[in-house]
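Novice: Got a sequence here, can you model it:
(2 chains)
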Amino acid sequence: MKPLVEKYLEKGFFLSTVLSASITIFILLFMVVFSLPLFKGGHIVHLLRLGWDPYHGSFGILPMVVGTGVIASIALLIATPFGIGCSALISIFPQGNFGKFLRKVVEFMTGAPTVIYGFVAIFLLVPFVREIFEKGTGMCVLSASMMLALLILPTIVLFLSDAFNSVPKGYLDAADALGATPAQKLIYIVIPSAWSGIISGMVLAAGRAVGDTLISLMIAGNALQIPGGLSDSARTLTAHIALIIASDYESPEFKSIFVCGLILFAFTALIVSVLRLLGHFETLRDR
Amino acid sequence: MKLAITVAFLCMATLLSTGSSYVAAGDLDRFSGQKGTIRIAGGTAHIPVMKEAAKRIMSMNPDIKITVAGGGSGVGVKQVGEGLVDIGNTGRKATDDEIRRYGLNMFEFAIDGIAVVVNPKNPVAKLKRQQTADIFSGKVTNWKELGWKDRGINVYTRDASSGTRKVFWKKALNKGKITNTANFVKSNGAMKSAISVDPYGIGYISVGHLDPTVRSVAIDGVPPTLENVRKGNYKIARGLYMNTGGVPAKLTKLFIEYILSKEGQGIVIEKGFIAVK
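Specialist: Numbers count the residues shown, from 1 in each chain, chains lettered A, B, ... in the order given. Modelled structure (predicted):
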C-alpha cells in the first residue's frame, strides 16, 4: 500500500502531463478547424501552388514554405559544426579554465533576446553582406541564416557538451593509450558514442530555427519570392504570419494564416521525426 | 530646511524642463481633475504627434496614462473595432465596410504627404511618375537606367496593414503591381532606417518622418515639401485620422479635442505635418 501523499503526488504529476500535452493538441485542433474551410473549398492546391498576391486574389504560400525550409536548414548547417567544435573544447579538451569560461558565455547567450541579434545584424551584418554580393539589399537568406545559426548555437552547444561529458572516461583513456590524436578521439570515439545527444540538440535547435520570427522578419527581407540563391530576399512562414495578422479578420489573407500555422506545425513535426529516426538508427548500429 | 530647498529646486526643475508653452497651457486645462487611461494604436505615421501630445498631457496630469503603439492602419481599425484600444489611428479613410462593421467615428487631424525616399548617397533627385511605377513594379531594375552606377535597385515596401502603402499604391502607382522581390518593412520608422543604411534602396515614407538620414525625390518635378502638399501641387497626399468605436468616452473625447485644439494643431505642424484647422 502506497502512502497517501505519494498517491496524490502521482496524480498531480499525471494531471500536469496530460494538461501540457493536451494544450499542444488543442492548438493543433484549433488550427485544423479554422483552416478546414480552405481545405474543403479545394483552395489548398492553390495555396501551395500560386504566389502571394492578395490584390489579385491569389494567396499561395509556397514561397514562404520554401523560405522557411531553406533558411532554417542553412542555419542548422552552419551551427552544427561550430557547436561540435565549441562543445569539444568545453568537455573533451579543456584548456585550463577556458572551457568553463566558454560554457558560461554560451549559457549567457541562451538568454540574449532575438531582437538584439536582429538589430545588430541590420547595422553590422547586412551592409557587409550587401557589399559582398554587390546585388540585393543584404537582407537575404544568408544574413538571416547566419544570425539564426548564432541564435541556435547555444542550444546545440549545451546539449552536446552534456552528451560529450557522458562519454565513458574509459573509452577516452583507451584511445589515449593507443596514441590517438585529439581529432581522432573526437571523430572516432566521442561523436559516435554521443550521437543520440547530438541528435537531441539538433532537434531542439531546428525547432527554434523554424519557429523564430523576429530574426527572419527583420533581416531576411520578407520578399514574396522563392529564393533562388543566398543573396535573395525571402520570407518565412513565421514572418508571414506576423506581417498578415494585422489584416482584416474576414479577409482570405487572414484565413490563410491558419494554414500557415498548420504547415509550420507539420514542418516541425517532420524535422523532429526525421532527426529522431536518424538518432535511433545510429545507436542501433553501434550496439 | 534642506528638504524644503530640495523640494523647491525640484519644482523649479520640473517647471523649467516642461518648458514655457506648458505654463500658458490653456488647451491643456480641459484635462485638469481628469484621471484614467487612453490606449492608442495603429498608423505609424501618427506616432510622433501622439507621443508629443501624450507627453504634454501626462506631465501636467499624473493621473492620466496614455499609451501609444504602432502596428499599422489595419491594426488601428481592428483593435479599436474590438475595443482593445480607445483610439485607432489610420493613415487612410476607413473603408465603408469597416465603418459599417465597427461603427467607427473618424476624426481627421492632419494632412500628410507620402514621399519617395532614397539614400543620401544616391544622386537621383527626381523621377517621373511613370518611372516610379516602373521601379516599384520591377520593370526598371538598375540604377544605371536612371543615370547612376551599375547596381540593382532595392525596392522596399510596407506590409499589408499599412495605410501609407495603400495610399501610395493608389495615388503614386495607380494600383500597379509591386514587384515580388521587394523587401517588406513594418513601419514608417523601419522604412527610414532601412533606406538610411542601404545606398541602393528606394522606398516611401510619410513626409512628417523626413529627416537628413534619407533624401526625398521630386515626382514629376514637384518635391514633396509641406508647401507643395498644402497647395495640392504634390498629389501623393492623404489625411491622418483618429478613429473611435461609436461615440468616444469622456477622456478619449478630451484627447481628440486637444489634438484638434490650437496647441494640438501646433504639435501637428511642429512634427512636420499640415494642420487641418
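Novice: Quickly list the domain ranges of chain A.
Specialist: According to automatic domain parsing, chain A is divided into the following domains: A:1-41, A:43-286.
Novice: Residue B:256 is nearest to which of those domains?
Specialist: Between residue B:256 and the domains of chain A, the shortest separation by Cβ to Cβ is 23.3 Å, and it involves domain A:43-286. Where C-beta positions appear, they are placed from N, C-alpha and C, glycine not excepted.
Novice: hmm, back to that, return the most buried member of the domains of chain A.
Specialist: Mean neighbours per residue, mean count of other Cβ atoms under 10 Å in any protein chain shown, is largest over these for domain A:43-286, with a mean of 19.
Novice: Can you name the residues that contact the spatially closest residue to residue B:109 that is not a sequence neighbour?
Specialist: Leaving aside its chain neighbours, residue B:109 sits nearest to residue B:259 (4.9 Å; criterion: Cβ to Cβ, 6 or more residues apart in numbering or on different chains). Listed by Cβ atoms under 8 Å, 6 or more residues apart in numbering or on different chains, the contact set of residue B:259 reads B:49, B:53, B:107, B:109, B:242, B:265, B:267, B:268.
Novice: Go through those residues and name the one nearest chain A.
Specialist: Among the contacts of residue B:259, residue B:242 lies closest to chain A (Cβ to the nearest Cβ), at 17.9 Å.
Novice: How is that closest one assigned, secondary-structure-wise?
Specialist: strand (DSSP: H, G, I helix; E, B strand; the rest coil).
Novice: Please name the bridge partners of it.
Specialist: Beta bridges link residue B:242 to residue B:89, residue B:107 when assigned by DSSP bridges.
Novice: give me every residue that touches it.
Specialist: Each residue near residue B:242 by Cβ under 8 Å, 6+ apart is listed here: B:46, B:87, B:88, B:89, B:106, B:107, B:109, B:256, B:259.
Novice: Phi first, then psi, for the second one.
Specialist: The phi and psi values for residue B:87, taken as degrees, to the nearest 10, are phi -130, psi 130.
Novice: That one: what's it in contact with?
Specialist: Contact analysis of residue B:87 by Cβ under 8 Å, 6+ apart lists B:38-42, B:80, B:242-244, B:248, B:252, B:255-256.
Novice: hang on, the earlier thing: looking at the domains of chain A, spot the one closest to residue B:225.
Specialist: The nearest among the domains of chain A, by Cβ to Cβ, is domain A:43-286 at 28.1 Å.
Novice: For the chain, just list every one of the helices.
Specialist: You didn't pick a chain, so chain A it is. Ranges of helices in chain A, per DSSP state H, are A:4-40, A:44-49, A:62-87, A:98-110, A:114-133, A:141-165, A:169-177, A:182-184, A:191-193, A:195-211, A:214-219, A:237-244, A:252-286.
Novice: try again with chain B
Specialist: Assigned by DSSP H, the helices in chain B fall at B:2-18, B:20-23, B:47-60, B:73-81, B:96-102, B:129-137, B:163-171, B:188-197, B:226-231, B:250-260, B:262-270.
Novice: Name the residues that touch the fifth one?
Specialist: Residues outside helix B:96-102 that contact it (Cβ under 8 Å, 6+ apart) are A:248, B:77, B:80, B:81, B:82, B:104, B:106, B:245.
Novice: Export the residues you listed as JSON lines, with columns for pLDDT.
Specialist: Below are the contacts of helix B:96-102 laid out as JSON lines (pLDDT from 0 to 100):
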{"residue": "A:248", "pLDDT": "64"}
{"residue": "B:77", "pLDDT": "91"}
{"residue": "B:80", "pLDDT": "92"}
{"residue": "B:81", "pLDDT": "90"}
{"residue": "B:82", "pLDDT": "88"}
{"residue": "B:104", "pLDDT": "92"}
{"residue": "B:106", "pLDDT": "93"}
{"residue": "B:245", "pLDDT": "89"}
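Novice: before we move on, back to that, any idea which of the helices of chain A scores lowest on pLDDT?
Specialist: Least confidently modelled of the helices of chain A is helix A:44-49, at a mean of 67 by mean pLDDT.
Novice: Please report which of the contacts of residue B:87 has the highest neighbour count.
Specialist: Neighbour counts for these (other Cβ atoms under 10 Å in any protein chain shown) peak at residue B:42, which has 33 neighbours.
Novice: Pull up the residues of chain B that are close to chain A.
Specialist: Proximity of chain B to chain A, by Cβ under 8 Å from any Cβ of the partner chain, involves residues B:71-72, B:74-75, B:78, B:98, B:151-152, B:154, B:156, B:159-161, B:175, B:180-186, B:193-194, B:197-198, B:200-201.
Novice: Need the buried ones from these selected in PyMOL.
Specialist: In PyMOL, a selection of the buried entries from the residues of chain B next to chain A looks like this (16 or more other Cβ atoms under 10 Å in any protein chain shown):
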select buried, chain B and resi 71+72+74+75+78+98+151+152+154+156+159+160+161+180+181+182+183+184+185+186+193+194+197+198+200+201
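Novice: ok, which residues in chain A are in contact with chain B?
Specialist: A:51, A:54-55, A:63, A:122-123, A:126-127, A:130, A:134-139, A:217, A:221-225, A:232-233, A:235, A:243-244, A:246-249, A:253.
Novice: ok, and the closest non-adjacent residue to residue B:244?
Specialist: Distances taken as Cβ to Cβ, 6+ apart put residue B:105 closest to residue B:244, at 4.9 Å, once the chain neighbours are dropped.
Novice: Could you double-check that the one you found lies in contact with residue B:247?
Specialist: Yes. Between residue B:105 and residue B:247 there is a contact under Cβ atoms under 8 Å: 6.9 Å.
Novice: who has more neighbours, those two?
Specialist: Shown here are residue B:105 and residue B:247; by other Cβ under 10 Å, residue B:105 has more neighbours (17 against 9).
Novice: and the gap between that one and residue B:80?
Specialist: Residue B:105 sits 10 Å away from residue B:80, going by Cβ to Cβ, to the nearest Å.
Novice: residues touching the residue nearest the centre of chain B, list them.
Specialist: With distances taken as Cα atoms, centre = their mean, the residue of chain B nearest its centroid is residue B:45 (1.4 Å). When contacts are counted by Cβ under 8 Å, 6+ apart, residue B:45 touches B:91, B:112, B:163, B:164, B:188, B:205, B:206, B:208, B:209, B:240.
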